[in-house]
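Sharing a model that was predicted from the sequence below.
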Amino acid sequence: MTLAGIAVLRPVTTAMFFIGLAILGAISLDRLPVQIFPELVRPEVFVTVTQQGYSPEQVERELVMPVEREVGKLEGIEAYESFSRQNNGGVRISYAPNTDMKFALLQLESRITRLQPLLPARTRVNIQRFDSSDLSATVMQIHVLGEGDINWLREFAEEKIRPELEAVDGVVNAQVLGGQRTAIEIIVDPLMLQAHQLSMSDVRNRINAFNTRRQYLGRVYDGDQAYAVSIQGQFTDLVQIRRVVIKPELPLHLGDIAKIRYGLQERTDLQRINGKAAVGIRIQKDDEANLIELAGELEDTIERVNGDLAYENIQLVISQNQAEIMNEALNFLKRAAVVGGLLGLFVLFLFLRNLRFVAVLLLAIPCSLLLTFNLMYMWDLSLNVLSMCGLALAVGMLMDNGIVVMENIFKHFEQGKSPKEAAKAGTDEVARAVVAATATTITVFLPVVFIQSDFQDILREFALSIAFPLLASLLVALTLVPALASKTLSLASRPPTGTGALIEMYTVCLKAGLRHRISVSLGIVGALVITLIISFFYMLQQDIRREESRFTVYISMPEGTTIEALDAVVGEIESAVRDLKGIDRFTTSISETQASINVALLPLSERPDQISVDLIKENLEESFGEVQNAIVSYEAIARTGRG
């Protein structure tokens, strides 16, 4: 007995089976990770070494080459390449495909750990594996607005606001940016060092020896009572630092050879809103956290914190929210499913003239999607930009199988067969064709799953997000549709089709086409060429993309550029942005040799003359040519620095 026969014979069992799968699909949807990009772990590891004050030659000779020697002793490495520049360098290591990257990373870390004591003092070594989850880690960026000194505002954000944000489940880090931290400056007199035959290393070691964390010493017993004894070795004020003994035999204190005072740490980043200095907070999420749900919880937390800080005249403003991208993708998928489904059902109703049949097909879309979420959960996929695109493409094909099956069932019903006989015979007659058509479509994407490439995971997500809905729709069409059709036909009379005139017109056109095959073929080819030409010129003149509500300007300067020089260049572009029409606000982020200006636009209806985002960009580009020694672009600027 075929699937259709079983489904028609056991309609209640079939319905319960799909209800159970639909419930599981809803649970799977709730548990699917929601992120911007799919997880992509390439077999690559980057080892970077940093030593301030070193020339590129010193970096290569004293830092990079020792790392290369250790890397060369590892197994499973296909190639490695290095670069050296002022103050830092690195090695990019490429492993063979299908390498266990966790084990490879442990081996590398073990080698580098043994090497690090042999490197010059104060050398910073960082090992990082390429993981696309890092690209999705930043869920939100907010800015802290308030009156008063910017450095005080940073300290306030670190002490009061940061703990509130990190307390939200799913947040792994809230990094405070902008302003300068308070630091303690120790200015050592070189003449005093020489007089006492000391080096900076000696001073540093003595300071570190006295500045230790709380240490547990043991227990002290007083009768029946036991007391834990520990010592706090960290400095709490400047007096303690001044009293550090450098030479016990004299004794010589740190305050005798150095000036000790409060100061500010060197600026490593800048944050501004509308050109005014501000404090920013970059919030990063856990890999398993749901992006949309976490963003909602953060918005609630920010609203609560704003209420608590109203008396301080401090306000938190959301500058960037990555969840907006996923919300737009989800809304697009919903619209595509609704609009595509309604149009398909409307066309089907014109031919079948039966609302019950239309209702049966209406169930095909949600059932197929819920079954798809089960498959995505089983295959460890996630809801991301690529999988959403695949689902959006597949939505248009979800009803195809159901429509073919339903129409054929209706044809057998019109021939006088009973509802059950029509459902079974109609489904069995087209089952092979439906399976072949679906298999053909899936086969187009099947090779992508087996491609050996660095981007295999990305292609796999896209291919499976199309294949799974098609497989689900095939199962629905061959089982649920005939089971429900057998019941709806029992309740329906045989209505007139009303398509006789349409069929007669089609017959006349078909006969004419068969008599003039060459003319029809040439006409179709000509129409296709004309359509392509019109489309080409249309795309040259029209922007077919959606109207954006924001854009970002990226600025990059050569290595070795000071943050002050970059700040001056960014200031020129900020002045140009400030003069643009239709701007709501802009936020600036500056770090080392790169900076970005995120420009938020007013709604299109509120902009002067409803100016488009492309025209705004064109007006801004005129000022880019005046910027010297900098690369300015609307696309993120990659920095490789290999050599």
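On my side now, so go ahead. Keep in mind the model is a prediction, meaning the values are calculated, not measured.

Alpha carbons of the helix or strand harbouring residue 473, as CSV, please.
Assigned by DSSP states H and E, residue 473 belongs to helix 456-475. Output of helix 456-475 as CSV, limited to C-alpha atoms (Å, rounded to 0.1, in the frame of the first residue of the first chain):
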residue,chain,number,x,y,z
GLN,A,456,31.5,24.7,2.9
ASP,A,457,29.5,25.4,6.1
ILE,A,458,28.1,28.6,4.5
LEU,A,459,27.0,26.9,1.3
ARG,A,460,25.7,23.9,3.3
GLU,A,461,23.4,26.2,5.4
PHE,A,462,22.0,27.8,2.2
ALA,A,463,21.5,24.5,0.4
LEU,A,464,19.9,22.6,3.2
SER,A,465,17.5,25.5,4.1
ILE,A,466,16.1,25.1,0.5
ALA,A,467,16.2,21.3,0.4
PHE,A,468,14.5,20.7,3.8
PRO,A,469,11.3,22.7,3.0
LEU,A,470,11.0,20.9,-0.3
LEU,A,471,11.3,17.5,1.3
ALA,A,472,8.7,18.5,4.0
SER,A,473,6.3,19.8,1.3
LEU,A,474,6.7,16.5,-0.6
LEU,A,475,5.8,14.5,2.6
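
Only the buried residues of the next helix or strand after that helix, if you could.
Where DSSP H and E defines the elements, the next helix or strand beyond helix 456-475 is helix 481-491. By neighbour count on 16 or more other Cβ atoms under 10 Å, the buried set for helix 481-491 is 481-489. Where you see a C-beta, it was placed from the backbone N, CA and C, and this is true even at glycine.

Give me the contacts around helix 481-491.
The contact list for helix 481-491, computed with Cβ atoms under 8 Å, 6 or more residues apart in numbering, reads 4, 7-8, 10-11, 14-15, 354, 356-357, 359-361, 363-364, 402, 405-406, 409, 413, 419-420, 422-424, 426-427.

what's the helix or strand following that helix in contact with?
On the C-terminal side of helix 481-491, the nearest following helix or strand under DSSP H and E is helix 500-515. Helix 500-515 is contacted from outside by residue 520, using Cβ under 8 Å, 6+ apart.

circling back to that earlier point, can I get the buried residues of helix 481-491 in JSON lines including pLDDT and distance to residue 529?
As requested, the buried residues of helix 481-491 are exported to JSON lines (pLDDT from 0 to 100; distance: Cβ to Cβ, whole Å):
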{"residue": "481", "pLDDT": "90", "distance to residue 529": "40"}
{"residue": "482", "pLDDT": "92", "distance to residue 529": "44"}
{"residue": "483", "pLDDT": "91", "distance to residue 529": "47"}
{"residue": "484", "pLDDT": "90", "distance to residue 529": "45"}
{"residue": "485", "pLDDT": "87", "distance to residue 529": "43"}
{"residue": "486", "pLDDT": "87", "distance to residue 529": "48"}
{"residue": "487", "pLDDT": "84", "distance to residue 529": "50"}
{"residue": "488", "pLDDT": "82", "distance to residue 529": "46"}
{"residue": "489", "pLDDT": "75", "distance to residue 529": "47"}
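
picking that back up, what's the angle between the helix holding residue 473 and helix 481-491?
Inter-element angle recorded for helix 456-475 and helix 481-491: 30 degrees (by axes from the mean of the first three to the mean of the last three Cα atoms, to 10 degrees).

ok, the closest residue in space to residue 26 that isn't next to it in sequence - how many residues close by?
Closest residue to residue 26 apart from its sequence neighbours, by Cβ to Cβ, 6 or more residues apart in numbering: residue 370 at 6.4 Å. By other Cβ atoms under 10 Å, 20 other residues sit near residue 370.

again, but for residue 291
Neighbours of residue 291 under the rule other Cβ under 10 Å: 25.

Ramachandran angles for it?
In terms of degrees, to the nearest 10, the main-chain angles of residue 291 are phi -60, psi -50.

mind checking which helix or strand residue 25 is in?
Here residue 25, judged by DSSP H and E, is contained in helix 11-31.

pLDDT averaged over that helix - what is it?
For helix 11-31, mean pLDDT rounds to 92.

Can we start the residue count at 698 from this point?
Happy to do that; since the first residue is 698 now, the last one works out to helix 708-728.

what helices or strands is that helix leaning on?
On a contact count with 3 or more Cβ pairs under 8 Å, 6 or more residues apart in numbering; DSSP states H and E, helix 708-728 meets helix 1061-1075, helix 1178-1188.

can you rerun that using 6 Å?
Counting contacts by 3 or more Cβ pairs under 6 Å, 6 or more residues apart in numbering; DSSP states H and E, helix 708-728 packs against helix 1061-1075.

now what about whatever helix or strand comes next after the helix it packs on, what contacts it?
Moving toward the C-terminus from helix 1061-1075, the first helix or strand encountered (DSSP H and E) is helix 1082-1092. With Cβ atoms under 6 Å, 6 or more residues apart in numbering as the test, helix 1082-1092 has contacts from 735, 1026, 1030, 1033-1034, 1037, 1078, 1158-1159, 1162-1163, 1166.

Could you tell me which ranges of the stretch 698-847 of the chain sit under the pLDDT cut-off?
Applying pLDDT under 70 to the stretch 698-847 of the chain flags the ranges 736-739, 827-833.

For it, which segments count as helices?
With DSSP state H, counting those that start in this stretch, the ranges of helices along the stretch 698-847 of the chain come out as 700-706, 708-728, 753-755, 762-768, 798-812, 847-853.

who touches the last one?
I take that to be helix 847-853. 841, 843, 876-877, 974, 976.

Quick one, which of the contacts of helix 1178-1188 are buried?
Of all the contacts of helix 1178-1188 considered here, the ones buried according to neighbour count by 16+ other Cβ under 10 Å are 701, 704-705, 708, 711, 1051, 1054, 1057-1058, 1060-1061, 1099, 1102-1103, 1106, 1110, 1116-1117, 1119-1121, 1123-1124.
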